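Peer 1: Provide a 3D model corresponding to the input given below.
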Amino acid sequence: MNLHGIVAPIIGAVNPNVPCTLKISTGYTTNPDGSRVPTYTTTTGTAQVQALTYLDLKQVDGLNINGAARGIYFYGDIVGVLRARNKGGDIVTLTDGPNAGDWLIVHVLETWPDWSKAACVLQAPNT
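Peer 2: Model prediction:
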C-alpha cells in the first residue's frame, strides 16, 4: 500500500509539492590535468520539502553535517552514500520557493517501495 500516495495530496494542501530535478551520480571523468569532474544522469519530478524532525536530527547528528538541512520526500527509491556500489553524491535542484537551490543528499532516512525520505544539505552556489 502506497501510504505516501494517500497522504501527499492532503499534506500538499498545506505544504505544496515543488518541481525538482534529481541529478543521479554516474561517477566522474578525469581531465588531462588529473582533476575529476562528476557526471550525472538527470530526471525530473516533484518533491515535498519539510523541516527535519527531532528524531531525524538525532539520526544524522553523528554524520558531522553542517548548514541548512531539510527532509525531502520523493516518489521512488533514492540512494545516499553507498560506497560498496560506488553510489552517492546525488543532487536535488529545487527551482521554486524559499528552498530553491542545489541540495546534496547526505543520508536516506526512509526508503519504501513507492517513496523515500532523504536528509539533504543546501550547497553553496557556483560562482
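Peer 1: and the helices in this structure?
Peer 2: Remark: helices assigned in the chain by DSSP state H are 3-14, 54-60.
Peer 1: what bridges to Thr111?
Peer 2: Beta bridges link Thr111 to Ser116, judged by DSSP bridges.
Peer 1: now swap in Thr21 and tell me
Peer 2: Thr21 has the following beta-bridge partners by DSSP bridges: Thr44, Thr93.
Peer 1: that one: neighbour count?
Peer 2: Thr21 has 16 neighbouring residues, counting by other C-beta atoms under 10 Å. Placement of C-beta: from N, CA and C, glycine included.
Peer 1: same check on the one 4 residues further on?
Peer 2: Neighbour count of Ser25, defined by other C-beta under 10 Å: 18.
Peer 1: that one contacts Pro38, doesn't it?
Peer 2: Yes. At 6.2 Å, Ser25 and Pro38 qualify as touching, with contact defined as C-beta atoms under 8 Å.
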